[in-house]
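**Q** can you look at this prediction? I've put the sequence above it.
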Amino acid sequence: MKSQKEVKVEQWLVELAEEIIDLTPEEGDLPLRVVRDLISDKEIQAVQDYANKVAISRLGFNDHGPVHMRTVCRNALKMLKILYNAGVETSLQKDQVGSFDDSVTAVALAAFCHDFGMSIGRSDHELYSGILAYNIIDRILLKNLPDEKDLQRRVAIRSMAMEGILGHMGTRKIHSIEAGLILVADGCDMTKGRARVPIHIHTTPQQGDIHKYSANSIDKVIIQQGSEKPIKIAVEMSAEVGLFQIEEVLLPKINSSPVRPMIELYAQVQGQEAKRYL
């Protein structure tokens, strides 16, 4: 049974996908159909649930399950919409091999599958995520783009989704806007709600402790249109320990992302002046 938070995030995703469809009504509803399939797919849910059990119970890390992967999808689609409204083309559009809808679809697929590898372990989990996700991505694309004439389109979307999955840790060079958004969107999911479970179940020191204590001090991450650059990310926190998440997790991911030139990054500890990083 899905949690209330899962259901709420799923509603956000569908609403956001519908908004994106309204941006490009001439291109059809592929992203909306794919988002709905990602939400309802039982195999995806099973892998996400098990990945979360391994991440929290066995490894002592923050949430890496269904809520996290849906939140990353929401973050990435929100940024993609901002870039669209700013007139920024995606990499598939620039390469003239796909539409904006294709980019949205690839981003959604990557976001939902990027942490599948946590069901195996932390080390190289992005590689294992790609292995576990490949057939699922293929299945969903074949369902929604079944015609032979769509073969090249399926290949482009699948390849873009795989780049997003394999590149989400910032340890491998990525080259596309779409994959770059997954990298940043993943780093943006760092509020205290993500650390709520692991911070209570482990009483002895664990490998991922600094991540959960740092995340527990972060109240809000706001993604919105920027004043100088298209995207503004503002992080609000209750204590300075939250700066670890920004300086050791989010900022390196942004710096490794092709979308870095399009992002403003601010952080503010309660009662102190906001600090601008980018």
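**A** Noted; the coordinates are in hand.

**Q** and the residue nearest the centre of the chain?
**A** Val72 (2.7 Å; C-alpha atoms, centre = their mean).

**Q** what strand or helix carries that residue?
**A** Element membership of Val72 [criterion: DSSP states H and E] is helix 66-85.

**Q** so Ala234 bridges to which residues?
**A** With DSSP bridges applied, Ala234 shows beta-bridge pairing to Ile222, Tyr266.

**Q** can you count the residues close to it?
**A** Counted with other C-beta atoms under 10 Å, the neighbours of Ala234 add up to 17. The C-beta positions use only the backbone N, C-alpha and C, and glycine is treated the same way.

**Q** is it in contact with Val221, as I believe?
**A** Yes. Taking contacts as C-beta atoms under 8 Å, Ala234 lies within contact range of Val221: 7.5 Å.

**Q** now do the strands in the protein.
**A** Under the criterion DSSP state E, the chain carries strands at the ranges 218-225, 231-237, 263-269, 275-276.

**Q** ok, and which of those strands has the densest surroundings?
**A** Mean neighbour count (mean count of other C-beta atoms under 10 Å) peaks for strand 231-237 among these, with a mean of 22.

**Q** residues in contact with the residue nearest to the centre of the chain?
**A** Ala111, His114, Ile182, Ala185, Asp186, Cys188, Asp189 (C-beta atoms under 8 Å, 6 or more residues apart in numbering).

**Q** contacts only, for the nearest residue to Glu228 once chain neighbours are set aside.
**A** Using C-beta to C-beta, 6 or more residues apart in numbering and skipping the chain neighbours, the partner closest in space to Glu228 is Glu264 (6.1 Å). If you count contacts by C-beta under 8 Å, 6+ apart, Glu264 has them with Gly226, Ser227, Glu228, Lys229, Ile231, Lys232, Ile233, Arg276, Leu278.

**Q** and Ile157, by the same measure?
**A** So Ile157 contacts Leu92, Gly98, Asp102, Thr105, Ala106, Leu109, Leu141, Leu145 (C-beta under 8 Å, 6+ apart).

**Q** so can I have a markdown table of those residues showing pLDDT, distance to Ala161 and neighbour count?
**A** Listed next are those as a markdown table, based on pLDDT from 0 to 100; distance: C-beta to C-beta, whole Å; neighbours: other C-beta atoms under 10 Å:
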| residue | pLDDT | distance to Ala161 | neighbour count |
| --- | --- | --- | --- |
| Leu92 | 98 | 11 | 25 |
| Gly98 | 95 | 12 | 21 |
| Asp102 | 97 | 10 | 23 |
| Thr105 | 97 | 8 | 33 |
| Ala106 | 98 | 5 | 32 |
| Leu109 | 98 | 4 | 29 |
| Leu141 | 98 | 9 | 23 |
| Leu145 | 97 | 13 | 18 |
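
**Q** and the pLDDT for the residue lying closest to Ser227 once chain neighbours are set aside?
**A** The spatial neighbour of Ser227 that comes closest, neighbours along the chain excluded (C-beta to C-beta, 6+ apart), is Glu264 at 7.3 Å. Note on Glu264: pLDDT of 98.

**Q** do Thr204 as well
**A** So, for Thr204, pLDDT stands at 50.

**Q** and the contacts of Ile157, which is closest to Leu127?
**A** Leu127 lies nearest to Leu109 out of these, by C-beta to C-beta, at 17.0 Å.

**Q** so where is the chain shaky, pLDDT-wise?
**A** Applying pLDDT under 70 to the chain flags residues 26, 192-214.

**Q** out of the strands of the chain, which comes closest to Gln4?
**A** Across these, closest to Gln4 is strand 218-225 (C-beta to C-beta), at 19.3 Å.
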